[in-house]
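# One predicted model, sequence on top.
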Amino acid sequence: MATSLLELRHLRTLLALAECGNVSAAARRLNLTQSALSHQLKTLESHYGCALVDRRRQPLALTAAGERLHTLARSVLAQVQQAERELARIAQGEAGQLRIAVECHTCFDWLMPAMDDFRGHWPEVELDIVSGFHADPVGLLLSRRADLAVVSAPEDEAAVRYHPLFGYEMVAVLARDHPLAGKPWLSAADFARETLITYPVPDDKLDLVWQVLRPAGINPPRRTTELTVAMVQLVASRRGVAALPFWAVKPYLERGYVQALPIGEHGLRSELYAATRADDAGLAYLEDFLVTVRELSFATLAGIRPLAG
């Protein structure tokens, strides 16, 4: 039998294409140029004599041949990942501690499933969430009161490493019968006469406030709540408007409770990073947790995009 052309990089390419839905996003996720990924794809298609993706469809769809390789990729890459975990346990031991600090309320939507999945792979690693909202999660890292912090932007700190997780869109959330619901998108001025419902966090942690409203000199009246479901209920009852990540509001949109609109003509983009101490580099269970977060997030969260890095 002839030697197979397939390599692990090809399987990762098929997996990224299936989950991202277009070549440019898949290339960013794999830290490749778009031309390099396209060349990889064309090489495979030329070798097998058939198309692997239907380029006429948006988002991009796999053909029957592409789906066959996608199935193979999911199986093989999962086995490779498990083998690498087992080798890491042999080399470094199975025990450890991973205390997580979070500065965003909606992050628990993806963090809890990731922790549950990780626990099955590293049962001897002690997992914990540092309770409460933390205005300075990086400070918790440096004082060794946390081992990983989820933050919205990297800081200039040599003792900390930043790992890109994903980018996403913040959307305005309104009642379905709100007078603004018919607009294609909301400007800063549209919020001036609305009550803004937010989580009880500082303004510099609210993307809508510091990126859109504050530069426009707009400071609408506020109301706060700790719970996303309470926020959505208040919005649906015409008590105000809110801004949430698209993935967080999507289940409520599907049930018809509220409506979502872009913020600004081009949307309001945000990002999430995991911060860890530089001297923890090489900890296998820490690296595996980051992989788990990214894989589950791209498989389950609507509208997220890869970040370079």
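Perfect, thanks for sending it.

# Domains in this protein, by residue range?
As recorded under automatic domain parsing, the domains making up the chain are 8-87, 92-166+271-300, 168-269.

# Show me the one of those that comes nearest A308.
domain 8-87 (5.9 Å; C-beta to C-beta). Glycine gets a C-beta too; all of them are placed from N, C-alpha and C.

# how far does that closest one stretch from start to finish?
Start-to-end span of domain 8-87 (C-alpha to C-alpha, to the nearest Å) is 18 Å.

# Surely E126 touches G96?
Yes - using C-beta atoms under 8 Å, E126 makes contact with G96 at a distance of 7.1 Å.

# quick one: which of the two has more around it?
Higher neighbour count among E126 and G96: G96, with 17 against 11, using other C-beta atoms under 10 Å.

# so where is the stretch 1-150 of the chain shaky, pLDDT-wise?
1-3, 89-94, 132-135 (pLDDT under 70).

# moving C-terminal of the lengthiest strand in the chain, what's the next helix or strand?
Determined from DSSP state E, the single longest strand within the chain is strand 160-174. For strand 160-174, the following helix or strand on the C-terminal side (DSSP states H and E) is strand 196-198.

# just checking, what packs against that next one?
Where contact means 3 or more C-beta pairs under 8 Å, 6 or more residues apart in numbering; DSSP states H and E, strand 196-198 is packed against strand 222-224, helix 228-236, strand 241-245.

# That strand pairs with which strands?
Next to strand 196-198 in the sheet, as set by DSSP bridges, lie strand 222-224 (parallel), strand 241-245 (parallel).

# Next, format those as TSV and append distance to G303, mean pLDDT and mean neighbour count.
Formatted as TSV, the strands paired with strand 196-198 follow (distance: least, C-beta to C-beta, whole Å; pLDDT from 0 to 100; neighbours: other C-beta atoms under 10 Å):
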stretch	distance to G303	mean pLDDT	mean neighbour count
strand 222-224	25	95	13
strand 241-245	8	97	25
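
# Now distance to A172 too, for those strands, in a markdown table please.
Listed next are the strands paired with strand 196-198 as a markdown table, based on distance: least, C-beta to C-beta, whole Å:
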| stretch | distance to A172 |
| --- | --- |
| strand 222-224 | 15 |
| strand 241-245 | 6 |
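
# can you tell me which of those strands comes nearest to A274?
So among those, strand 241-245 is nearest, using C-beta to C-beta, at 16.5 Å.

# The following helix or strand past that closest one - contacts with which helices or strands?
Downstream of strand 241-245, the next assigned helix or strand under DSSP H and E is helix 246-254. The contact analysis (3+ C-beta pairs under 8 Å, 6+ apart) places helix 246-254 against helix 108-121, strand 160-174, helix 228-236, strand 259-262.

# Can you give the contact residues for helix 246-254?
The contact list for helix 246-254, computed with C-beta atoms under 8 Å, 6 or more residues apart in numbering, reads 106, 109-110, 168-171, 173, 228, 232, 258-260, 301-304.

# Not counting stretch 125-145 itself, show me its contacts.
Contacts for stretch 125-145 (C-beta under 8 Å, 6+ apart): 94-103, 105, 111, 115, 118-119, 146-151, 155, 157, 159-160, 200-202, 205, 275-277, 285.

# next one: it to chain centre, how far?
20 Å (C-alpha atoms, centre = their mean, to the nearest Å).

# can you tell me how far T33 sits from A26?
Shown here: T33 relative to A26, a distance of 11 Å by C-beta to C-beta, to the nearest Å.

# residues touching E194, list them.
P220, G240, V241.

# typo on my end, it should be R294
R294 is in contact with L165, F166, counting by C-beta under 8 Å, 6+ apart.
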